[in-house]
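**Student:** Here you go, sequence then predicted model.
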Amino acid sequence: MTAQTDTPGSVTAVYKVSGMSCGHCEGAVSGEISGIAGVSSVKAVASNGEVTVVSAAPLDEEAVRAAVDEAGFELVGTV
């Protein structure tokens with residue numbers, strides 16, 4: 001998993017998600033991932049299929065996968 005620390009106590013990870021094609025898709029994925037404990041921000045970009053997540057600690061990839069699945073998309077992996 002690719003993760004970097006931006007500010008003390010935060011971790012940024014970038015995930016690759018397949019199937020996003022519009023702003024509605026971005027909102028659905030962002031909304032589900034935002035529900036994971038410890039997540040402080042999510043930015044989904046449909047044009048490149050990347051979702052950038054900032055959290056208090058590294059996230060369990062299975063939790064992210066479950067959130068992306070719930071939104072109706074597929075987590076491919078990390079960037």
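**Tutor:** Now that the structure is in, tell me what you want to look at.

**Student:** If you count neighbours, what's buried in stretch 40-53?
**Tutor:** Neighbour counts using 16 or more other CB atoms under 10 Å place Val42, Ala44, Ala46, Gly49, Glu50, Val51, Val53 of stretch 40-53 among the buried residues. Using the backbone N, CA and C atoms, a C-beta is placed for each residue, glycine as well.

**Student:** What of stretch 59-70?
**Tutor:** For stretch 59-70, a neighbour-count test (16+ other CB under 10 Å) marks Leu59, Val64, Arg65, Ala67, Val68 as buried.

**Student:** got it, and stretch 15-26?
**Tutor:** Of the residues in stretch 15-26, those buried (16+ other CB under 10 Å) are Tyr15, Val17, Met20, Cys25, Glu26.

**Student:** Please export the C-alpha coordinates of that stretch as CSV.
**Tutor:** Output of stretch 15-26 as CSV, limited to C-alpha atoms (Å, rounded to 0.1, in the frame of the first residue of the first chain):
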residue,chain,number,x,y,z
TYR,A,15,-6.5,3.9,-4.4
LYS,A,16,-7.4,2.9,-8.0
VAL,A,17,-11.1,2.3,-8.5
SER,A,18,-12.7,1.0,-11.7
GLY,A,19,-16.1,2.0,-13.1
MET,A,20,-16.3,5.7,-12.0
SER,A,21,-17.4,7.8,-15.0
CYS,A,22,-19.0,11.0,-13.5
GLY,A,23,-19.4,13.3,-10.6
HIS,A,24,-22.2,11.2,-9.2
CYS,A,25,-19.8,8.2,-9.2
GLU,A,26,-17.2,10.3,-7.4
